[in-house]
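K.L.:
A predicted structure for the sequence below; I have some questions about it.
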Amino acid sequence: QVQLVESGGGLVQAGGSLRLSCAASGGTFSSYAMGWFRQAPGKEREFVSVISWRAVTYYGDSVKGRFTISRDNAKKMVYLQMNNLKPEDTAVYYCARRIGSDYLKINDYDYWGQGTRVTVSS
C-alpha cells in the first residue's frame with residue numbers, strides 16, 4: 001500500500017516562499033512520476049506540477065517561473081519549492097502518484113496524500 005504524506009504548508013505573506021515536502025512509503029517510488037495539485041476553496045482541484053521518474057518537469061501556467069519541483073528517489077521524497085507566493089496561491093496542496101499518460105488529468109493519478117494547507121496573505 002502506497003502512502004503519501006505532505007508537509008510544509010503554512011501562512012506566509014505575499015512575496016514569500018515555502019517548501020512543501022511529500023514523503024512516500026510503499027511501492028516502487030522511483031518508477032513513477034509524481035505530481036502536485038492544489039485546490040482552493042470553492043474551486044476544482046488543479047494541476048500544479050509533475051516530475052517524471054527521469055526528472056522531466058512540467059508546470060501549470062500560473063506557477064511557471066515561481067515554483068520548482070524536485071525529487072529524491074533515495075529518500076522517496078518529492079518537493080515543491082514555491083517562491084514569490086501570491087494570494088491566489090492559497091489552497092490545499094496535494095501530492096499524488098501518476099500512473100496515466102496525461103499529467104493534467106486527475107484520474108491519471110492513483111494515490112493521493114491528505115494535503116497541506118498554504119495560505120498567502122496580501
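P.N.:
Perfect, thanks for sending it.
K.L.:
how much space separates the residue nearest to the spatial centre of the chain from Gly42?
P.N.:
Centroid-nearest residue in the chain: Trp36, 2.3 Å away (criterion: CA atoms, centre = their mean). Using CB to CB, to the nearest Å, we find Trp36 at a distance of 20 Å from Gly42. For the C-beta atoms, the positions are set from N, CA and C on the backbone; glycine is no exception.
K.L.:
same thing with Gln3?
P.N.:
Taking CB to CB, one finds Gln3 at 28 Å from Gly42.
K.L.:
Lys75 too?
P.N.:
For Lys75 relative to Gly42 (CB to CB), the value is 35 Å.
K.L.:
which of these two has more neighbours?
P.N.:
Between Lys75 and Gly42, counted using other CB atoms under 10 Å, the more crowded position is Lys75 (11 against 5).
K.L.:
pLDDT score assigned to the more buried one?
P.N.:
With respect to pLDDT, Lys75 has a value of 96.
K.L.:
with that, I have no additional questions.
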